[in-house]
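J.: Could you work out the structure for the sequence below:
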Amino acid sequence: MKLPNGRPIQTGWEPVAYFLQGMAFGEAEADVLCGVIGAGDSLRDMTDEEVKGEDIWSYCCRHPIAYDLYKAVAEDGEPWLDLPIPPTVPAANRDVAKTDNAPPPEEVIPPDVEHATAIDNAIAAAPDPKTVTSEAAAAMAAGSKNRIAELRLAATRVGEAAYKPPYNEYKRLHGIWTPMVARAERKEKELNTAILSFREVERKKAMAAAAEAARLQREQDEANERAAQRAIARGDAEMPPPVVEAAPALPPATAPVQPTYGTRKIKEEVKKFAVIEDWVKVFAHFQNDADLRARLEKLATDAIRAGAEVPGATHREGLI
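T.: Numbering: from 1, shown residues only. Purely as a prediction, here's the structure:
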């Protein structure tokens, strides 16, 4: 509808559906673009010119809807979900208020919701990738892709205008505070590594001393046993074991490091670390790991694209 000055006004919506004729009627080739407009008794086919017309095609592309919504409106007679409910007619036995003839208040939709809805509708209206099996279907898929990209770029512009100022301020403050924190963390790790390295040396010394004490005790016990067996063989009375120098005492268990300041303790936890002696065997053990295979495939692809040859790999050419 248009006003007397020729300016159009929106009075409602009409559902429009575009489809490929072959897809709709099960033909082998799907290369005829068709369309219908309206709902119920007002449903009519659009001519070839209407379907390809720049105005209606561009307008419909800017307002995509999901198939479920189209079916509900065009086939099931349900109302559009985004149309406002008409205001209640004032009762005849009361005075007419100033607001009776006022237009209904427009719902304020947040920009992020508006852009997200438009993007989601465009995604829902996009063709199934599995149906891209002809030039016409590929053209429609390319159109949907361009429409989604258009909405994405629009959302990017609006979003950046909203979040870039606080984000830039965040980065400024982040640049002031994080360097000092990073310096402190580096020094903490350096000191922690030094302490654990020292404690590891002391732990190995204690283990070596314990092993030596056990060896000396074992040799002493074996010597005493041999002397007792010789005495029994000669028929002599069993003599007390010879007095030997006592084995060195085991070093006392090391106590936790007691900081001279603060209450934070040094965490000493004995862990296991792999020491790889045969890389080939280790690779054979993990060769079915998905992450490892993906990493190797990327390394091989990068090397081949750089002009190198990778033993055990060939290459193919393609768009994807």
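J.: Check the secondary structure at Asn288 for me.
T.: coil (DSSP: H, G, I helix; E, B strand; the rest coil).
J.: So for the nearest residue to Pro79 once chain neighbours are set aside, what's the pLDDT?
T.: Of all residues not flanking Pro79 in the chain, Val73 sits nearest, at 7.4 Å (C-beta to C-beta, 6 or more residues apart in numbering). No exception for glycine: its C-beta is placed from N, CA and C like everyone else's. pLDDT recorded at Val73 is 78.
J.: Equivalent analysis for Lys265, please.
T.: Looking at Lys265, its pLDDT stands at 88.
J.: Now do the same contact list for it.
T.: Residues counted as contacts of Lys265 (C-beta atoms under 8 Å, 6 or more residues apart in numbering) are Pro256, Val257, Pro259.
J.: which SSE is the residue nearest to Pro79 in?
T.: For Val73, the host element (DSSP states H and E) is helix 67-74.
J.: do the same with Ala141
T.: Element membership for Ala141 (DSSP H and E) is helix 135-234.
J.: Just give me how far stretch 134-153 sits from the chain centre.
T.: Stretch 134-153 has its C-alpha centroid displaced from the chain centroid by 25 Å (C-alpha atoms, centre = their mean, to the nearest Å).
J.: Sort out which residues of that stretch are buried, please.
T.: Under the neighbour-count criterion of 16 or more other C-beta atoms under 10 Å, stretch 134-153 has Ser134, Ala136, Ala137, Met140, Ala141, Ser144, Arg147, Ile148, Leu151 buried.
J.: Stretch 179-197 too?
T.: Across stretch 179-197, burial judged by 16+ other C-beta under 10 Å covers Leu196.
J.: what sits up against it?
T.: For stretch 179-197, the surrounding residues in contact (C-beta under 8 Å, 6+ apart) are Val257, Ile266, Glu268.
J.: quick one on the thing from earlier: can you list the contacts of Lys265 in TSV and add secondary structure?
T.: Putting the contacts of Lys265 into TSV (three-state DSSP) gives the following:
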residue	secondary structure
Pro256	coil
Val257	coil
Pro259	coil
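J.: Give me the contact list for stretch 153-163.
T.: Stretch 153-163 has contacts (C-beta under 8 Å, 6+ apart) with Pro111, Asp112, His115, Ala116, Ile119.
J.: switch the cut-off to 7 Å
T.: With contact meaning C-beta atoms under 7 Å, 6 or more residues apart in numbering, stretch 153-163 is reached by Pro111, His115, Ile119.
J.: Now Ile109: closest residue in space, sequence neighbours ignored.
T.: Nearest residue to Ile109 in three dimensions, chain neighbours excluded: Thr117, at 8.0 Å (C-beta to C-beta, 6+ apart).
J.: Please point out which parts of the host helix or strand of the one you found sit buried.
T.: Here Thr117 is covered by helix 111-125, with elements defined by DSSP H and E. Using 16+ other C-beta under 10 Å as the test for burial, helix 111-125 gives His115, Ala118, Ile119, Asn121, Ala122, Ala125.
J.: Any regions of the stretch 151-300 of the chain where pLDDT drops low?
T.: Within the stretch 151-300 of the chain, the segments meeting pLDDT under 70 span 236-253.
J.: would you list every one of the strands in the stretch 1-150 of the chain?
T.: Using DSSP state E, counting those that start in this stretch, the strands of the stretch 1-150 of the chain run over 16-20, 33-37, 44-45.
J.: now the residue nearest the centre of the chain: how far from Ala300?
T.: The centre of the chain sits closest to Asp291, judged by C-alpha atoms, centre = their mean, with a distance of 15.4 Å. To Ala300, Asp291 is 15 Å away according to C-beta to C-beta, to the nearest Å.
J.: just Gly318 next, same as before
T.: According to C-beta to C-beta, Gly318 stands 16 Å off from Ala300.
J.: who has more neighbours, the two?
T.: Ala300 (17 against 4; other C-beta atoms under 10 Å).
J.: Grab the nearest non-local neighbour of Ala66.
T.: Ala66's closest residue in space is Ala124 (C-beta to C-beta, 6+ apart), at 3.9 Å.
J.: I'd say that neighbour and Leu69 touch.
T.: No: using C-beta atoms under 7 Å, Ala124 makes no contact with Leu69, being 8.7 Å away.
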